[in-house]
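Novice: pasting the sequence and the predicted coordinates here, then a few questions.
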Amino acid sequence: MGLENIYTELIAEESRNPENRHHLASPTVTLKGRNPSCGDEITLELEVENGVVKDASFTGVGCAISQASTSMMIDLIKGESVDEAKRLSEMFLGMIKGDITDDDALEDLGDAIALKNISNLPARVKCAVLSWHTLDNALEEKKE
Amino acid sequence: MINDAQEFRKDFPLLAQNMNGKPIVYLDNGATTQKPESMIHAVCGYYGGCNANPHRGAYALSVEATDIYENARERVRKFINAKKSNEIIFTKNATEALNLIAYSYGLSNIKEGDEIVITISEHHSNLVPWQHVAHAKGAVLKYIYLEEDGNLSEEDIQTKITEKTKLVAVTQVSNVLGLVNPVKEVADKAHSVGAVVVVDGSQSVAHMAVDVQAIDADFFAFSGHKMLSPMGIGVLYGKEKLLDAMPPFLMGGDMIEYVEEQTTTYAELPAKFEAGTQNVGGAAGLTAAVDYLEKLTFDRITAIEKDLVDYALPQLRELPFIELYGCDTKRDNKTGIITFNVKDVHPHDVATILDAEGVAVRAGHHCAQPLMRYLGQNATCRASFYFYNTREDVDRWVEALKKVREVMHLGA
Ligand SMILES: Cc1ncc(COP(=O)(O)O)c(C=O)c1O
């Protein structure tokens, strides 16, 4: 596995993209996600109304993989229903675990498909899934 | 002299291996060292030729296992120059040794309102146990902070340790900054107010000659695996008078004298603190490791590590994108640990990129989160040398570092 397949230009640039990196004016859920062993730490903010993720953003620090993954996730879920966000999350986790390998089946993940090769880098899997796990927890919290 | 280390490399089978298709450059010795063949043979020899439960059987094998175990104790005593071999307690690792002190000495001697003083550069293993004791007993946990150059603040040593201080815990070498702390001075100050001093020797014993009497440590803890030995064997040294007065930590077999239905009397030192079947194979390995180090001598070990640091630092300083921590000490106390960051690149990405080049470094908070926060860093990378590293290893590391920003599409 060459590094050029991990640190693609898209991932490197997305990891530094400031667009989704801010606070929301009125988040309905704010949740911290952490990988204590790495020091990755993100705070996800969601504005969920009538079962729709109206807006989303994040703040925090971490490696390029966790930061790019978080930013791409926000692009994907913004404007989608909670159910759709959960479906995408399942798809993303399936991709990283190596359970779903067919690119056609992953089409809905858009740019986030760029993270597929992380499934070959076991040490970094938890960086890629941090934001999605945090999203799952945040959406669960929302339901209660 | 320079590539002296080459001659030792043949003793370490793992160093002949590749990592990601390249000869391994192992620069994570602060986490654990590689193992010499002689040590591996000693462990195999024990299990293949003399394995029995020590202390328990009246037969020749058991006596032999007991001898191997007690011989290790005597070797360790000499190695750190303890007065008596019953001051050497075997544990699982440094962490267990430090917990033994906290649970046994700490919980029974520290009272509400007392103060415990530690330094901001402690590893979690010499920090969390003291937090626990402070919380449990209503004591106050105070910190000695650092000078600009990463050394312990002289002023804090003199002012934070007061009449209220009952225990001072300090690492002899910080696993992040790689600086030797003035533990004798800290011990003198602690003793002047009647406090005991706990020295964490995890990053020192394998790299420099340690004399627990000369530094006047009341307790001294270290792990075997950071000094050529197997994982799962560690050492607690304690002054006999203190250990004698302490209650047992773990209870059960081998640490008793008489057990009645309702009461028990405990064994003498060191058995009092060694409950259950002990790690005799680990002790056999530790003996072989001490043999190896004593034959090599610490004069040579420190000279090699110093040469590597002196060779690496100017090259790293040439690279405008490298940030160094603990490398500007005003004293002559730098060990073979170099902590760094690559500007604009997270340490984990740096480690992944070096890994692809066959270079093993550690990335993260190094089990020292309060220190990281104090340094204003979320995480760092750490390269840590041992005597089998070479200037060529340094070259490979520096070359790999030059690729990091390019891989991250940041330009050179
Ligand atoms: C300074 C220091 N203290 C304590 C420890 C804990 O050692 P162990 O995990 O072997 O118990 C370490 C190891 O990382 C260390 O560097």
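Specialist: In hand now; what should we look at?

Novice: relative to the ligand, which residue of chain A is the closest?
Specialist: Of all residues in chain A, residue A:37 sits closest to the ligand, at 13.1 Å by C-beta to the nearest ligand atom. C-beta coordinates here come from the backbone N, C-alpha and C atoms, glycine included.

Novice: name the nearest residue to that residue, sequence neighbours excluded.
Specialist: Excluding its sequence neighbours, the residue lying closest to residue A:37 (C-beta to C-beta, 6 or more residues apart in numbering or on different chains) is residue B:364, at 6.3 Å.

Novice: residue B:42 too?
Specialist: Spatially, and ignoring its direct neighbours in sequence, residue B:42 is nearest to residue B:288 (3.6 Å; C-beta to C-beta, 6+ apart).

Novice: same check, this time on residue A:4
Specialist: residue B:407 (7.6 Å).

Novice: pretty sure the one you found is touching residue A:3, no?
Specialist: Yes: using C-beta atoms under 8 Å, residue B:407 is in contact with residue A:3, at 5.4 Å.

Novice: now do residue B:1, the pLDDT please.
Specialist: Residue B:1 carries a pLDDT value of 45.

Novice: with residue A:38 instead?
Specialist: So residue A:38 comes in at 76 (pLDDT).

Novice: work out for me the element it sits within.
Specialist: Remark: residue A:38 resides in no helix or strand, with elements defined by DSSP states H and E.

Novice: residues in contact with it?
Specialist: For residue A:38, the contact set (C-beta atoms under 8 Å, 6 or more residues apart in numbering or on different chains) comprises A:62-63, A:66, A:126-127, B:348, B:363-364, B:379.

Novice: follow-up on the earlier one: how about the helix or strand encompassing the residue nearest to residue B:42: buried residues?
Specialist: Using DSSP H and E, the element containing residue B:288 is helix B:280-296. Within helix B:280-296, the residues that count as buried by 16 or more other C-beta atoms under 10 Å in any protein chain shown are B:280-293, B:296.

Novice: that helix packs against which elements?
Specialist: helix B:37-45, helix B:60-80 (3 or more C-beta pairs under 8 Å, 6 or more residues apart in numbering or on different chains; DSSP states H and E).

Novice: and the angle from that helix to helix B:60-80?
Specialist: 40 degrees (axes from the mean of the first three to the mean of the last three C-alpha atoms, to 10 degrees).

Novice: give the contact list for residue 112.
Specialist: Reading this off chain A. A:69, A:72-73, A:76, A:92.

Novice: switch to chain B, that's the one I care about
Specialist: By C-beta under 8 Å, 6+ apart, the contact set of residue B:112 is B:137-139.

Novice: then residue B:292?
Specialist: B:11, B:36, B:38-39, B:228.

Novice: buried subset of these as a PyMOL selection?
Specialist: PyMOL command restricting the contacts of residue B:292 to the buried ones, with burial defined by 16+ other C-beta under 10 Å:
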select buried, chain B and resi 11+36+39+228
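
Novice: can I get the contacts of residue B:292 in a markdown table with pLDDT and distance to residue B:268?
Specialist: Compiled in a markdown table, these are given as follows (pLDDT from 0 to 100; distance: C-beta to C-beta, whole Å):
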| residue | pLDDT | distance to residue B:268 |
| --- | --- | --- |
| B:11 | 97 | 38 |
| B:36 | 98 | 34 |
| B:38 | 98 | 33 |
| B:39 | 98 | 30 |
| B:228 | 98 | 31 |
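
Novice: show me what from chain A comes close to chain B.
Specialist: Counting by C-beta under 8 Å from any C-beta of the partner chain, the residues of chain A lying close to chain B are A:2-4, A:6-7, A:9, A:12-13, A:16, A:37-41, A:61-65, A:67, A:121, A:123-124, A:127.

Novice: what's the local residue count around residue A:126?
Specialist: 17 (other C-beta atoms under 10 Å in any protein chain shown).
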